[in-house]
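**Student:** A structural model of the following input is requested.
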Amino acid sequence: MLPDDLPSGGGFASWEWKVCPRLQVGPGRHAGYARPVKPGNIKAVPAPCVVQSVQLHPLRIPLRRPFSHAAHVRTHADPVIVEVELAGGIVGYGETLPRPYVTGESVESVLEAVRTVFVPELLAFRPESFPEALERVEALPAAGPDGAPLSAARCGVELALLDACSRRFDRSIEQAAGWLECPGFGAPGSCGHVRYSAVLSGGDAGRLGRKARLMRLAGLRDFKLKVGYEDDDRRVAAVAGALGRGLGTRTTLRLDANGAWSCAQAVERLRSWRRWPIDSIEQPLPPDHDADLPELKRKAGVPICHDESLVTQDDARRLLELGVADRFNIRISKNGGLLAAMRLAAWARRHGTGIHLGCMVGETGVLSAVGRRFLENVPQVRFAEGSYGRFLLADDIAEPSARFGWGGRARPMRGTGWGVRVNRDKLMRYAEGRSVRLPL
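**Tutor:** Now for the predicted structure:
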């Protein structure tokens, strides 16, 4: 007879049936024969969660308009979608956007790292429970054999496995946050108070001012302006003027130089803008000039938010030792995945560092949904970026849309995994025949 207390997740296909091994030798004429202690004692044992196949989809999706900052100009999004299929047919999706000037990775290096570094990990991936799956996922390597960071590649693989295992074991992403045992993590996280920000990229001062006014009419209250241009004085003045008297009370303005300045330039610029309540300056110097940050902080008096300088927890510790760990801009793709990003956020909270959730330009709804899961579980996030969807992309591959609504407000995602479905026709269309299936 079959037991009445079958686990609810996964169905019969997810379970193996085994006779209980507790046997004893029967007495009398049955001597020498083994019989069960409890006749009919058959119990369900979870079948291991086995990765059946991996596909990599480097995409090229047009942007509705070019997006520029001091380090780059983009007309297309170039995410890499990692697709993992488990035995039994459950599919999970991850997304990453490698940036050579951030982690040193490229689309090509991510494809190679998944093939050479992560496929062997996937071959050994056979968890029998969600906690065991989380242990194996968190143990994925963060660097290659040469010690070079593999943050972007790791992110894509981690997210695909988390999505698949959440669905396979019918467990929520919130339970993954609970497994990390980070104090205060879990629902509602920051969803009750944080709103998504408007990000203003390159452009002339007049156009930026008009865009800021339109975004303000759409209810957005938090703004980030890309700086590092010759006409920064006019651009900052135009945006601050468009936000009006409410700047610093009803609205906020932070700046992002993408490492375009020297220490002397940063001090001069930030001092000249003291008449406006600038919330923070993101990545004012190149990462290899971090030693100058204490001087900048002392002379400019503006909180510093770290982005390109913050890839690993070793970076976080280094910035803390320098005395400049004011804010961390955590980006899931840059920092190695959701679990790694939440670990970094927990570290920041323990050391009194403010948390911003950043994004990668051109992310699809898959990575936007992961960002939402971050906000659902991480408390005290000060600012959030991302979930722009078709505000920025000409098309998206994920359904339903993870795009934020009026005023930058966004609802929690539903269901297990990331709460989105991938439109396979669109996935194939924007992969343009470059998808790669890796043998396992």
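**Student:** chain center to stretch 310-326, what's the gap?
**Tutor:** 19 Å (CA atoms, centre = their mean, to the nearest Å).
**Student:** assign residue 84 to helix, strand or coil.
**Tutor:** strand (DSSP: H, G, I helix; E, B strand; the rest coil).
**Student:** what's the burial count for it?
**Tutor:** Residue 84 has 26 neighbouring residues, counting by other CB atoms under 10 Å. In this view, the C-beta of every residue, glycine as well, is placed from N, C-alpha and C.
**Student:** how about it: what's its closest non-neighbour residue?
**Tutor:** Closest residue to residue 84 apart from its sequence neighbours, by CB to CB, 6 or more residues apart in numbering: residue 160 at 4.1 Å.
**Student:** ok, residue 377 next?
**Tutor:** In space, residue 377 is closest to residue 177, 3.9 Å off (CB to CB, 6+ apart).
**Student:** which other residues reach the strand or helix carrying that neighbour?
**Tutor:** Assigned by DSSP states H and E, residue 177 belongs to helix 173-179. Residues outside helix 173-179 that contact it (CB atoms under 8 Å, 6 or more residues apart in numbering) are 130-131, 134, 162, 166, 185-187, 338-339, 342, 373, 376-378, 416-418.
**Student:** how near is the residue nearest to residue 84 to residue 90?
**Tutor:** Per CB to CB, to the nearest Å, residue 160 is found 11 Å from residue 90.
**Student:** show me which of these two is the more surrounded one.
**Tutor:** residue 160 (31 against 20).
**Student:** doesn't that one belong to a strand?
**Tutor:** No - the assignment for residue 160, made by three-state DSSP, is helix rather than a strand.
**Student:** shouldn't it be in contact with residue 80?
**Tutor:** No - using CB atoms under 8 Å, residue 160 is not in contact with residue 80, being 10.7 Å away.
**Student:** common neighbours of these two, please.
**Tutor:** In contact with both residue 160 and residue 80: no residue, using CB under 8 Å, 6+ apart.
**Student:** circling back to that earlier point, could you tell me which of the contacts of helix 173-179 are located in helices?
**Tutor:** 130-131, 134, 162, 166, 338-339, 342, 373, 376-377 (DSSP state H).
**Student:** which among those count as buried?
**Tutor:** 130, 134, 162, 166, 338-339, 342, 373, 376-377 (16 or more other CB atoms under 10 Å).
**Student:** could you dump the residues you listed to CSV with distance to residue 388 and pLDDT?
**Tutor:** Shown next, in CSV, are these (distance: CB to CB, whole Å; pLDDT from 0 to 100):
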residue, distance to residue 388, pLDDT
130, 31, 97
134, 29, 98
162, 23, 98
166, 25, 98
338, 19, 98
339, 24, 98
342, 22, 98
373, 17, 98
376, 18, 97
377, 21, 97
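**Student:** how about the closest residue to residue 242 other than its chain neighbours, what does it touch?
**Tutor:** Nearest residue to residue 242 in three dimensions, chain neighbours excluded: residue 212, at 3.8 Å (CB to CB, 6+ apart). If you count contacts by CB under 8 Å, 6+ apart, residue 212 has them with 198, 200, 223, 238-239, 242-243.
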